[in-house]
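Asker: My questions concern the predicted model and sequence given below.
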Amino acid sequence: MSAQQLSIFLENQPGRLAEVVEALARAEINIRALSLADTSEFGVLRLLADKPEAARAALLKQGFRAQITEVAAVEVPDRPGALSRVLNVFNTVGVAVEYMYAFVGRPRQGAIMIFRLSDPEKAARVLTPDIGRLVPSAELL
């Protein structure tokens, strides 16, 4: 019950992000969600794509450093405090959140939170539908 995420390491230079998305477009890869974090010298672009293996291959062919990591996709209910409940449940059982980002999958339903977790299996065991639902990879793509 995880999703495959691409992590792409980029030099912090004008046009590098455009080169990544152009390479994916040429390979007919659809981006579902993304997050970009940077420093003064480099950035890490994390994204979910409809064909992660093909996306990685296309990026490697263009000289980018890209790897696939497993992340947990959790649908969080659309109500105040819902994310807090998810994070508190993780904290209670000792699951650390290494990073996270979100996107809205369907109107009027919850946001999809993408989590990189210290112990995804433990996190999966403590989630319940009223707190947050693990979203199968097939539903994201």
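Answerer: Received it, and whenever you're ready, just let me know what you need. A quick note: this is a predicted structure, and the numbers were derived from the prediction, not measured.
Asker: what residue is smack in the middle of this structure?
Answerer: The chain has I114 as the residue nearest its centroid, 4.4 Å off, counting by C-alpha atoms, centre = their mean.
Asker: To what extent is V89 buried, counted in neighbours?
Answerer: Look at V89: counted by other C-beta atoms under 10 Å, it has 16 neighbours. Backbone N, C-alpha and C define where each C-beta goes, glycine included.
Asker: thinking the residue nearest to the centre of the chain is in contact with L48, fair?
Answerer: Yes - between I114 and L48 there is a contact at 6.9 Å, judged by C-beta atoms under 8 Å.
Asker: What about D78, how many residues nearby?
Answerer: 12.
Asker: Sorry, slip of the keys, the one I care about is S118.
Answerer: Counted with other C-beta under 10 Å, S118 comes out at 13.
Asker: give me every residue that touches E28.
Answerer: Counting by C-beta atoms under 8 Å, 6 or more residues apart in numbering, E28 makes contact with nothing.
Asker: ok, back up a step: tell me, what's touching I114 and L48 both at once?
Answerer: Residues touching both I114 and L48 (C-beta under 8 Å, 6+ apart): 3, 5, 33.
Asker: is it true that the first one touches F115?
Answerer: No - with contact defined as C-beta under 8 Å, A3 and F115 do not form a contacting pair (9.9 Å).
Asker: quick one, domains of this protein?
Answerer: 3-68, 71-140 (automatic domain parsing).
Asker: Next, format the ones you listed as CSV and append mean pLDDT.
Answerer: Shown next, in CSV, are the domains of the chain (pLDDT from 0 to 100):
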stretch, mean pLDDT
domain 3-68, 94
domain 71-140, 90
